[in-house]
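Novice: Requesting a structural model of the entry that follows:
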Amino acid sequence: MKQKSLIKRVNNIFWVSVGIPFVLVFLLHSVFIERLIFSNYRDTMSLTLQSMANHLDSNIDSCERFFLQYLFDENLERFYAYVNNHEINTEDEQSFYNYYKRASRYRNAAMKYMFAANSWLTAIYYVPENCNKDKIFRLRKAVNNVEILELEQSSYRLLVDALRDSPLGEILISGSPDEAEKKEEIFVLGRRINQVERIRRQGYLLLEVSGEMYREIAVNVDLEEPAGLVISYPDMRQAYSSSEEIRNGFEQIVDIEAVRAEESAFLDGKRCCLYSIQSEKGFFIDYLVPADTVMSRVWKLYGLLICVWIAAVAIAYLLYTRLFGTIRRTTTELMEMIENYQVDRDHYRPAYHPHSGIVEFDNIGRTLANMMDRIQIFVEEEYVLKMKQQAAEYKAMQAEINPHFLNNVLSSFVALNRMNEKKRLERAILKLSQMFWYTCEHGYDSRVDQECQFIESYLLLEKLRFEERLDYRISVEKEAGELEIPKLLLQPIVENAMKHGFVGNNSMTILLQASALWEKGKKFVWITVANNGRPISRKELEQSRGVGVANVKERLTLVYPDSFFWFSSTEKFPTICNILIMQKEQRVSVSALDEGEKNANIDSR
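Specialist: The predicted model follows:
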C-alpha cells in the first residue's frame, strides 16, 4: 500500500469535503433549494400565525367566561329566572317595579364582569325561553341600562333560532348580522343556558365583542410590504383585513379551501404564498406575501452566505496548513525521544520542553517523559511491596495455630472428659473445629464480624483453662462487621493480652468492640481490644515472640494505608489497643494480588 504523509491526506480530505458539497448545492439548487427556502419561510410563518391564533382564542375565552357567571352570581341567576318565568308589563306599576329591582342588581353585577373581563366586550343580550320569548334584553357598556327590544325587529333573530337547535355547552360565533347598523365592527358569541336547580332550558345569552380585538392582534405582526393579513369567521366571512386591496383580492378567490391546501394564490396576476391556520375557536388567519418578495430576500442572503463560505474556506486552509506543520514537527520529536529511550540506561533522563503551542501535544510530551522517568521507580516499589506482602502472609501463617495453645486445649478436653462434662466438651470441640476451618479457608481476607467469631472461639477455649479468672465481652456493630480486613489481624493482639495479662492468680477481662463512625461524610470503623490485666509496655509488645504488634501494624498498613494504630489506657483498662480504619470503595487486597499472580502463572503456562 502506498504511503502518504499526514498533511497530504488531510489536505485531500479537506478539499473533497468542502468542494463536493458546494458543487452539489449549485447543481441541485433548482430542485431542492427553492423548496427548502419556502419550507423554512412557511415554518417561520406557522409559528407567527399559531401565536396569533392562541392570542385570539385567549381573548375569546376571556369573553366566554361570562356565559357561566350566572352559576356563581345569584343576581344574574335571579334576573334570568324572573324574566323567564314572569311576563314583563311596563304599564303595570307593581310588575315593572319587581322587574326593575332585579334588573338593577343584574346591571350592577353584569357591568362589573364586563369591565373585569376585557375591553372588547361591549354588550350582553338575553332572550328568555318561556315568558317574554319575543323580547330581547340588552345591556350595553356605554348605556349602562337594561333595554327591552322586540326580538323580531332585532338583527339577532336568526342567531337565536340557531341556538335553539344547538346542544348545551356549544358556543356559536358569528359576525355582526347587520353591519350597516353598527358604527364599529363587532362579532357575536351565543350560548344556551339552563336553570341551575331544574336543569331546564332557561334562555339564550349573546355577547357582542368589538372588532378592535383583531387590530390589536394584527399590530403585533411585522408585515412585509406588500404582504397582507386576513382574519375570517368560522362561516368564512372576513372579520379583518390589513388593507382594502387585500380584502378585495381575497374576496375574489372562489375556492378558498383549495387555495389554502396548495398554499398558493394569484392576486392581480401575481403569484402569492398563502399561509393559513385555524384557531381552536374556528377562526381562520391567512397571511399572503408575494413569492418574489420571499425569493429576493433569500437570494441576497444566499449570496452573502456564499461569500462568507469562500472566505471561511480560505482561512480554514491557512489554519490547517499551519496546524499540521506544527503536528509534524512535534510528532517527529516525540518519536525520536521514544526511539532513543532504553530502560537499562541509567544515565539517560528523557526530557520534553513544550514549544509546539498545542496543549494536547505538550501534555503528551510531558506525560511521556514523566512516565519514562518513573518506570524504574515503579518497578522497584512494586517489587518491594510484593516482598512485604509475602513476608506478612508468611508470618500470618505462622500465627494460625500456636502449638502451646493446642496442647493446652487438648489437655482441657481430657479434663472435661474425665469430669464427664460431655456438653461442654462437645461445644469446645466444635469451637476448635470452627477455628481450624477458619484458618484453613482459602484466601487471606476476612471480615470484622468473622474475625470476632474466631476470637470468641479462641477465648472460649482459653476459658476452659482459666475458668473464672478469664472473662470476655465482644460487641460488633452491623455496619462495622461488614468491613474487610486481613485474616488473623486481631488474633495476635488478643493472644498477647492472654500471654502478658495474667500474673500469678489474678483474673482478667478482655473487651473487644467494633463500631462505625461518620466524620465529614466519611465512614470510619473503630476497633478496640482492651484488658484489665497487667499493664504491658509498648517495648514488650514489639519484642514479643510470634506475630507481634509490629507485624499487625505492617499488615494493616499494606491493606489500608490511611489507617491508624495506637495504644491508650484508662483507669479500668490499663492496656487498650486501638485500630481506626477509613472505609473506601477500593483497597489493596492481598487475595486479589495472590489470585492475579496465580492467573498470570496459568497464562504463562
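Novice: Off-centre distance for the longest helix belonging to the chain?
Specialist: Criterion DSSP state H: the longest helix present in the chain is helix 291-340. Offset of helix 291-340 from its chain centre (Cα atoms, centre = their mean, to the nearest Å): 37 Å.
Novice: Output the contacting helices and strands for it.
Specialist: helix 6-27, helix 34-64, strand 270-278, helix 359-398 (3 or more Cβ pairs under 8 Å, 6 or more residues apart in numbering; DSSP states H and E). From N, CA and C alone the C-beta is placed, and that goes for glycine too.
Novice: what mean pLDDT does it have?
Specialist: For helix 291-340, mean pLDDT rounds to 75.
Novice: Tell me the spacing between the nearest residue to residue 457 once chain neighbours are set aside and residue 171.
Specialist: In this structure, residue 457 finds its nearest non-sequential neighbour in residue 431, 4.0 Å apart by Cβ to Cβ, 6 or more residues apart in numbering. Separation of residue 431 from residue 171 (Cβ to Cβ, to the nearest Å): 89 Å.
Novice: any residues touching stretch 41-58, and which ones?
Specialist: 213-214, 217-218, 220-221, 231, 263, 273, 275-281, 283, 285, 287, 294, 298 (Cβ atoms under 8 Å, 6 or more residues apart in numbering).
Novice: hmm, 6 Å instead?
Specialist: With Cβ atoms under 6 Å, 6 or more residues apart in numbering as the test, stretch 41-58 has contacts from 217, 275, 277, 279, 280, 281, 283, 285, 287, 294.
Novice: Please render the residues you listed as CSV that adds distance to residue 407 to the earlier fields.
Specialist: Converted to CSV, these look like this (distance: Cβ to Cβ, whole Å):
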residue, distance to residue 407
217, 104
275, 103
277, 100
279, 101
280, 97
281, 102
283, 105
285, 104
287, 105
294, 106
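Novice: Tell me the one of the residues you listed nearest residue 565?
Specialist: The closest of these to residue 565 turns out to be residue 280 (Cβ to Cβ; 76.8 Å).
Novice: Leaving out sequence neighbours, find the closest residue to the closest one.
Specialist: Going by Cβ to Cβ, 6+ apart, residue 280 has residue 57 as its nearest residue, at 5.1 Å.
Novice: did I read that right, residue 230 in a strand?
Specialist: Yes - checked against DSSP: H, G, I helix; E, B strand; the rest coil, residue 230 lies within a strand.
Novice: what about it, distance to residue 251?
Specialist: Distance, residue 230 to residue 251, using Cβ to Cβ: 10 Å.
Novice: do the same with residue 206
Specialist: Taken as Cβ to Cβ, the span from residue 206 to residue 251 is 27 Å.
Novice: Between these two, tell me which one has more neighbours.
Specialist: The neighbour count for residue 206 versus residue 251, taken as other Cβ atoms under 10 Å, is higher for residue 206 (22 against 12).
Novice: which residues touch the helix or strand harbouring that one?
Specialist: If you go by DSSP states H and E, residue 206 is part of strand 201-210. Strand 201-210 is contacted from outside by 63, 67, 80, 84, 120-123, 125-129, 156, 160, 163, 186-195, using Cβ under 6 Å, 6+ apart.
Novice: Quick check: neighbours of that strand in the sheet, parallel or antiparallel?
Specialist: strand 121-128 (antiparallel), strand 186-194 (antiparallel) (DSSP bridges).
Novice: And the contacts of whatever helix or strand comes next after that strand?
Specialist: For strand 201-210, the following helix or strand on the C-terminal side (DSSP H and E) is helix 212-219. With contact meaning Cβ under 6 Å, 6+ apart, helix 212-219 is reached by 52, 55, 56, 59, 120, 229, 231, 239, 240.
Novice: follow-up on the earlier one: tell me the most buried of the strands paired with strand 201-210?
Specialist: strand 121-128 (a mean of 23; mean count of other Cβ atoms under 10 Å).
Novice: Mind jotting down where the strands sit in the stretch 101-250 of the chain?
Specialist: Using DSSP state E, counting those that start in this stretch, the strands of the stretch 101-250 of the chain run over residues 121-128, 135-140, 146-150, 171-175, 186-194, 201-210, 228-232, 238-241.
Novice: what pairs with the shortest one, and is each one parallel or antiparallel?
Specialist: Here strand 238-241 has these sheet partners by DSSP bridges: strand 228-232 (antiparallel).
Novice: my guess is residue 513 meets residue 528, correct?
Specialist: Yes - Residue 513 lies in contact with residue 528 (Cβ atoms under 6 Å); the separation is 5.0 Å.
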